[in-house]
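Q: Fold the following.
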Amino acid sequence: MTMQQYQQRYSALGGEGWVPRQGSLRDEQDMIWTVFGAFSECGRLRSVLMRRPGSEIEMVEDTRQALWMGRPDAAKAREQHDALAELYRAHGVCVHYIKGDTHQPPNLYFVRDTFAMTPEGAIIARPASRVRAGEERIVAHALAQLGIPIVLSVHGCGTFEGADFMIVNEDLAFVAQGLRTNAAGADQVERLLAGIGIAEVVRVELGADCMHLDCALGIVTRNVALLAPGKVSAALAETLYHHGFHVITAPQSEVEIGMAVNTVAIEPGLVILPAGNPVTRAALERAGVACREADISELMKGGGAVHCMTGVLCREGI
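A: As a prediction, the model looks like this:
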């Protein structure tokens, strides 16, 4: 028997019975995978992953070791989280939860830090701090259960947190480097983005007083961005201007106290922002952006706001 005859005999070698896989990973949504993917920060939001704070937030003995800014009232924190989730549902967003009420890390409700969504699937983070080590395993399990493909797990000595990443549109993405995401982690994410066709990936250097990129930047419409003064390198604002964005600068007091930039767009021109930021809200409304406020004051004591607590699973394109 010749080699060609041998190959033709067995379907496993491409012979009779072999059927090649057609299309791309994106084409397999609703067949193999749950509908997923994000092409921007402001396209129509369809589904999110969240963690309703469980008993873990009552187990914290030292708030500094937990990286918190204060100690939240657990009952009020859960009420506020429920209200935020209901606000999403009221606008047609499907809310999924990371489940389990025992032995969970106290910062797990900041789901955005644990993964980032791309057009091709999720990037699993590798958090930089010891107290958050292992959250990536929990979220990877949750994503797998939901049927969301994972296209990269940051590895080696790389650190990366999802709040340091934003896809602005199909041509532009930002990857921040600072305390939470190091050069090795950012390099891995950049290579992935280049491989899936994002034309321009801009590395952003964060200031020493900036925890994550989403503490400094919010994309609220196709051409309106919300920026915190002095938190990021000038390259970010220059890039936004180059791409035709109108940039609104939030007042420093509202950035520092009210986490005003830490917002989530439900669709272009409709945004959820933390309550108690009247100057920022007025500036957004003058730019034609409708605002919905969420009282998350107890949850913010953990060091994050709306964007930090929202893991995007699916957004439509813009």
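
Q: For the rest of this, base every contact and every neighbour count on C-alpha atoms.
A: Fine.

Q: any idea which helix or strand comes after the lowest-mean-pLDDT helix or strand in the chain?
A: Lowest by mean pLDDT, DSSP states H and E among the helices and strands of the chain is helix 3-9, with a mean of 64. For helix 3-9, the succeeding helix or strand toward the C-terminus, using DSSP states H and E, is strand 45-50.

Q: Need the pLDDT of Ala290.
A: Ala290 is assigned a pLDDT of 98 by the prediction.

Q: Quick check: nearest residue in space to it, chain neighbours excluded?
A: Leu270 (4.8 Å; Cα to Cα, 6 or more residues apart in numbering).

Q: Roughly how far does the one you found sit from Ile148?
A: 26 Å (Cα to Cα, to the nearest Å).

Q: Which one's more surrounded, the two?
A: The neighbour count for Leu270 versus Ile148, taken as other Cα atoms under 10 Å, is higher for Ile148 (23 against 20).

Q: and the more buried one, what does it touch?
A: 33-36, 121-122, 313 (Cα atoms under 8 Å, 6 or more residues apart in numbering).

Q: Distance to Cys94 for the residues you listed - can I get that in TSV?
A: Listed next are the contacts of Ile148 as TSV, based on distance: Cα to Cα, whole Å:
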residue	distance to Cys94
Trp33	16
Thr34	13
Val35	12
Phe36	12
Gly121	18
Ala122	17
Leu313	10
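
Q: Asp82: which of those residues is nearest?
A: Nearest to Asp82 out of the contacts of Ile148 is Leu313 (Cα to Cα; 18.7 Å).

Q: What residues does that closest one make contact with?
A: Contacts of Leu313 by Cα under 8 Å, 6+ apart are 36-38, 46-49, 117, 148.

Q: Kindly report the same for Leu270.
A: 220-221, 289-292.

Q: And for Ile318?
A: Neighbours of Ile318 in contact, by Cα under 8 Å, 6+ apart: 39-40, 42-44, 169, 222, 268.

Q: Stretch 95-109: end-to-end distance?
A: Note: stretch 95-109 ends 13 Å apart using Cα to Cα.

Q: Count the neighbours of the residue lying closest to Pro72 once chain neighbours are set aside for me.
A: Nearest residue to Pro72 in three dimensions, chain neighbours excluded: Glu298, at 5.0 Å (Cα to Cα, 6+ apart). Residues near Glu298, counting by other Cα under 10 Å, number 20.
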